[in-house]
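A.B. asks: quick one: sequence and predicted model below, then my questions.
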Amino acid sequence: MGDDLGRARLLLVLGVLLALTAAAVVAGAVRGTLPRLADVPGLSALPGVGPGSELERAVAMAPADAVRFSWTDWAGVRDDLALDPPADPSTRDVEELLDAAFDADLSATTALGESAATSQTALGFSPATLSWELFSQGEEGALVTMGLAEESDAALVEDRLRQAGFTPPEDATGVWRGGPDVLATLGQLSPELSFVAVDSEELVVRASDASAYLQRAVDTDPPEPGQGVADAVEALADAGPPLAAAVYDSAVACESLAMASADGAAQEQARTLLAAAGPVNPLAGFGLGVQPGGDATAALAFETDDQARENADTRARLASGPAPGQGGDFADRFSLGTTAAEGRVVTMELEPTEDARVLSDLSSGPVLFATC
């Protein structure tokens, strides 16, 4: 009797949620847009429907001043490279992973590269054991946020920090204080690992070269990312969660990718190409990610849907021609697949040519098709 009643209640709940979904879809169709499943009221409570990808959740943890995001899905990288380091990897295991990731252009976004072997032995984590890593940078500081695989990993990190000479915090959410003097005794470690905070509930480790900046990040609920960043991140996640990605807000994209860093001849060539290509609006956000298997996606976010539609053809033309400032043509680096405007974002499918390093080359300027 109880089981029948439970099933009846479950069917009633599912019926209500399906009705809500249908209503949202109909309303979206009238407006010309369809909702994401996770945005339908109540639907996120169902198994398998969550608040977003790991990339989206990691970016949502970043401090308020963050404008540049460098993402590496280390668990995905290990799977893609068919590498399975042991739970307590050796220096050789770590170096083998980093060498393979470099060859596949999947290590360009990590802040742990040269520190990896030492951080594993001294601090208990590295690309060989972490689930993921997000390096966020802003005007006030920089933060490395790292996902742990298991609760026991958090205890291991705390034990290693204590053994390494870090001063423990007064409470569970405080900062382990190392600093340059402690790091100097451990070997080759990035200054970004000077101060560390371990969240055993969220299975997250945060680190920075500034203790006050790290403590503020731990104590403060981060705001939602800016619209341009959020749109670019969502587009990358929808294209297939990237193994490695670079995401910039408007100001960083329009500076880092600008043709202004090219020489005079390249800038003149760019002006000619832009004049012939069509309308160009400033970017509200930019993302470039590499998916499993090696294909890449560029996400160019704009202020409005209309701007995205107007820029789609322009950006496709620019990405199919010469690459002033980079040298040669973009076709030397990738084959351009589907370019589509969806909402405020233009997504471009990029199939890298043999030995091309699309993420490394095109996450810094000059990049003509991403010009503002």
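C.D. replies: Nice, I can see it.

A.B. asks: so where do the strands sit in the stretch 101-250 of the chain?
C.D. replies: 132-138, 142-147, 176-177, 195-199, 204-208, 244-249 (DSSP state E, counting those that start in this stretch).

A.B. asks: return the most buried member of these.
C.D. replies: Looking across these with neighbours counted as mean count of other C-beta atoms under 10 Å, the highest average goes to strand 244-249: a mean of 28. C-beta: built from backbone N, CA, C; applies to glycine.

A.B. asks: so where is this structure shaky, pLDDT-wise?
C.D. replies: 1-52 (pLDDT under 70).

A.B. asks: look up how far residue 331 lies from the residue most central in space within the chain.
C.D. replies: With distances taken as C-alpha atoms, centre = their mean, the chain has residue 71 as the residue nearest its mean C-alpha position (3.5 Å). According to C-beta to C-beta, to the nearest Å, residue 71 and residue 331 sit 27 Å apart.

A.B. asks: likewise residue 324?
C.D. replies: 14 Å.

A.B. asks: the two - which one has more neighbours?
C.D. replies: residue 324 (22 against 14; other C-beta atoms under 10 Å).

A.B. asks: the closest residue to that one other than its chain neighbours - how many residues pack around it?
C.D. replies: Leaving aside its chain neighbours, residue 324 sits nearest to residue 266 (3.9 Å; criterion: C-beta to C-beta, 6 or more residues apart in numbering). For residue 266, the neighbour count with other C-beta under 10 Å is 19.

A.B. asks: go on, residue 219?
C.D. replies: 11.

A.B. asks: OK, contacts around it?
C.D. replies: Contacts for residue 219 (C-beta atoms under 8 Å, 6 or more residues apart in numbering) come out as residue 173.

A.B. asks: one more time with 6 Å
C.D. replies: By C-beta atoms under 6 Å, 6 or more residues apart in numbering, the contact set of residue 219 is empty.

A.B. asks: which element is the residue nearest to residue 324 on?
C.D. replies: helix 264-277 (DSSP states H and E).

A.B. asks: show me what counts as buried in that helix.
C.D. replies: 266-267, 269-270, 273-274, 277 (16 or more other C-beta atoms under 10 Å).

A.B. asks: one step back: take the strands of the stretch 101-250 of the chain and write them to JSON lines, including distance to residue 223.
C.D. replies: Below are these laid out as JSON lines (distance: least, C-beta to C-beta, whole Å):
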{"stretch": "strand 132-138", "distance to residue 223": "12"}
{"stretch": "strand 142-147", "distance to residue 223": "15"}
{"stretch": "strand 176-177", "distance to residue 223": "26"}
{"stretch": "strand 195-199", "distance to residue 223": "19"}
{"stretch": "strand 204-208", "distance to residue 223": "17"}
{"stretch": "strand 244-249", "distance to residue 223": "13"}
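
A.B. asks: follow-up on the earlier one: buried residues in whatever helix or strand comes next after the helix holding residue 266?
C.D. replies: Of the helices and strands lying after helix 264-277 in sequence (DSSP H and E), the nearest is strand 285-290. Residues of strand 285-290 classed as buried by neighbour count (16+ other C-beta under 10 Å): 285-290.

A.B. asks: repeat that for stretch 85-102.
C.D. replies: 85, 89, 93-94, 96-98, 100-101.
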